[in-house]
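1. This is the structure alone, sequence omitted:
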């Protein structure tokens, strides 16, 4: 009898695991339960669908259900929700439109993902208030925008009263709540679509996982491009009109009339299924796993946005719900289940975002208070240099903030912002973090130089040079 | 009495050392002897001056002589050639237009650079045959191109015979000899200026320091953009006309009529001064140094294109005359001389070049034969993926070739080619090489992902994934 590998959730982690397990071990029976319609889609592309840069939702689909089932020979069941796990009997209870049934497993992967959080205020359930956590959300926002655009096109020859009516409903004043990646990307996208964008951020700076220097560079850039920032202004409520549509955001800095609200206030891991099965959660609130992403229940794995991972800088568990980790950890679980135990690897909190053509990226620990909590003695420096040789056309400023431990010289993290080829330079720092390099070692890396690509000293090297001088107490 | 630091050569390594030593130790007397006119210039920018992208030679100057002398308080003496070193008496003999004199030193840096090599064939001394190793060379090539262009502009209204005369002399058929960085950049630049370019390469592929897969990608790209490749065709001679101008290149594949020849056949370290002073050269033919770039003579250092350095992959000395190394090693010598012994760091042979808008980069050891000579058991893989998420506009193919040691899994090197943001991705691999990472470790790096920047799996990660499967014998 062949083993059965059951996967709960058909997106990044789930499909990576299912595909890898089946490819490495074709005799394995692989069953994927997905409670919704969509599987194997690029969630990170949703803002670009809203923008219109990506024309159709289908473009965000990596693999169609048919490809998964026929080409990959995976037993994919959409509209099947796993509602219980029995880790002793090794079964899952599955609900679909016909009722519920039991499915046995030899190996189980929980890839239940994360759910958007909403602020604990009145009005988040009004119409015209959106999150962006599913393709349906993306479609809803775009439809709302395009419906009005079409209407406006039609009124060119209409009489004044109608124009006024339309203008009153014109959803071009948008509040984006939350200044993280989703918030900033949505601010950018909505601005591109001609909306007047108000960005609300509870704390004093956008990008709360960034240092203040780079966050400030991004804020100036947003303001220059017409985004109205409401910093240090927690949203206290969303007011609706008689029709139940959002009409204003009330925040610490007052009341702002808007026609649409997009919430980008973070996500929390979907852990209910694991908790009810008696599987341990970790200190971050996500599902606890070992280095193979195995949970406290034997042969039950968790990967992706529902699970913890070890931070390569701190050596402690961390919760970093990002796409590469989901794919990488899912794949590692698939390989392990197929018979080759495979380390899933740590996370460095590396992330990148395009914000009105400014590239913003980070990795590691850049907050000095947090660094101290982990026992480091942090010292940071910020440098602004150029993206290319000064004499080469297109050279633009790049700001790099970098943090190291003064006691050991160990590199802890960095963030980068700039409009010209800034973002992916963070990868060099991420590599150094994985290798527990010192900033002195980073300073000596033989990075690529030619005038169209970099100054002789890459901005990352210049930052390391300046920071290392500080570490060495010059 | 204050110490005197004498620097021979006023470009990258020399000026970096002089500036750093003076900044760290203002009491030090710092004397820089430069035999020519130009100091502190960006040699890597010369192709872009020829192209016209950089309008004036002055733009390539980092620091003017006045800034060096007045702002930095460095005793810069241009048109002063150091013709002898006495390592016992600790003096150098200097020649200028007035004669020769002796200058004592406490610390000496030889930063004499490299000289272009020319093929050992007839005709390299003809007019219209150029190398590109100094600003004067760059100016000469551009003048030659622009003189003809101006002439052609003037003949629009001229009569047939004159037009024919000009056309006969039109220097638009250019032979570039050598398919290394300088050769390819010059082919690109001359093509941009409207020349018909013939590229001659002795071996079967351009970029002889690259693997065949990536070299082939670059060759196809060059052909698509109109460059005629003469591969496996060593140049046997250059023929001149009655006026002494080059008129044809004779190579293994026949005779090609041209109006200009640019030689990009490599460089050799300028070591005569060191040799005559009894300073040891190393196995590469460049000046041997320790990890502080100190030579066999006490307090005599060598840095930049005249000196060896240790390759971080092989642990053996290597000769890699590139700009970052010159700057970094010069700076380290300056810091050491100023009182803080500073490791210069190794080299990884990291390099990057723009070739007709294709970004081409490499690092480490990618030649399997060479890897075997150093005791590795090499295995390589080539993958072609995309520069961005497939659904994001502007996504273009990126080809990555990567090599590891099958026995240990250690990463040995990689090369990359692609037209969209391909090149600087090599830095991640360079970082991994410095840290002696395995390809399995590289596969688990938490690199930055968002749709405008990368697929979920960066092309470097995909290459590592495929190569690691080969290493693990899957």
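-> Yep, that arrived. What you see is a predicted model; the values in this text were computed from it and never measured.

2. make it CA atoms for all contacts and neighbour counts henceforth
-> Noted.

3. Mind jotting down where the strands sit in the stretch 151-300 of chain A?
-> Counting by DSSP state E, counting those that start in this stretch, the stretch 151-300 of chain A has these strands, from start to end: A:173-177, A:196-201, A:228-231, A:235-240, A:246-251, A:254-257, A:260-263, A:267-269, A:300-302.

4. what angle separates the fifth one from strand A:173-177?
-> In this case it means strand A:246-251. Note on geometry: by axes from the mean of the first three to the mean of the last three CA atoms, to 10 degrees, strand A:246-251 and strand A:173-177 are set 50 degrees apart in direction.

5. Strand A:246-251 - what's its average pLDDT?
-> Average pLDDT, strand A:246-251: 96.

6. Tell me which strands it pairs with, and in which orientation.
-> Using DSSP bridges, the strands paired with strand A:246-251 are strand A:235-240 (antiparallel), strand A:254-257 (antiparallel).

7. what's the angle from the first one to strand A:196-201?
-> An angle of 140 degrees separates the directions of strand A:235-240 and strand A:196-201 when computed by the same axes, to 10 degrees.

8. Show me the domain layout of chain A.
-> Split into domains by automatic domain parsing, chain A comes to A:4-36+A:43-114+A:268-337, A:129-265, A:357-471.

9. ok so, going back, quick one: which of the strands paired with strand A:246-251 is nearest residue B:349?
-> Ranking the strands paired with strand A:246-251 by proximity to residue B:349 (CA to CA) places strand A:235-240 first, at 53.4 Å.

10. Whether the strand or helix carrying residue A:17 contacts chain B - can you check?
-> Take DSSP states H and E as the rule and residue A:17 turns out to sit in helix A:12-24. No. Using CA under 8 Å from any CA of the partner chain, helix A:12-24 stays clear of chain B, coming no nearer than 9.2 Å.

11. what's the following helix or strand after that helix?
-> Counting by DSSP H and E, the element after helix A:12-24 in chain order, helix or strand, is strand A:29-34.

12. who's in contact with that next one?
-> With contacts defined as CA atoms under 8 Å, 6 or more residues apart in numbering or on different chains, strand A:29-34 is touched by A:2-10, A:14-15, A:18, A:21-22, A:74-82.

13. The closest residue to residue A:326 other than its chain neighbours and residue B:138, how far apart?
-> Closest residue to residue A:326 apart from its sequence neighbours, by CA to CA, 6 or more residues apart in numbering or on different chains: residue A:304 at 3.8 Å. Taking CA to CA, to the nearest Å as the measure, residue A:304 falls 55 Å from residue B:138.

14. Same question for residue A:111.
-> 60 Å.

15. who's more crowded, the two?
-> residue A:111 (28 against 23; other CA atoms under 10 Å in any protein chain shown).

16. I'd assumed residue A:293 was in contact with the more buried one.
-> No. Between residue A:111 and residue A:293 there is no contact under CA atoms under 8 Å: 11.0 Å.

17. Now the common contact residues for the two.
-> A:302-303.

18. ok, residue A:192 - contacts?
-> Residue A:192 neighbours (CA under 8 Å, 6+ apart): residue A:51.

19. among the domains of chain A, which gets the worst mean confidence?
-> For these, mean pLDDT drops lowest on domain A:129-265, to a mean of 86.

20. first vs last residue of it, how far apart are they?
-> So domain A:129-265: terminal residues 13 Å apart, CA to CA.

21. Likewise for stretch A:419-437?
-> 28 Å.

22. hmm, it in reach of chain B?
-> Yes. Under the criterion of CA under 8 Å from any CA, stretch A:419-437 makes contact with chain B via A:421, A:424-428, A:430-432, A:434-435, A:437.
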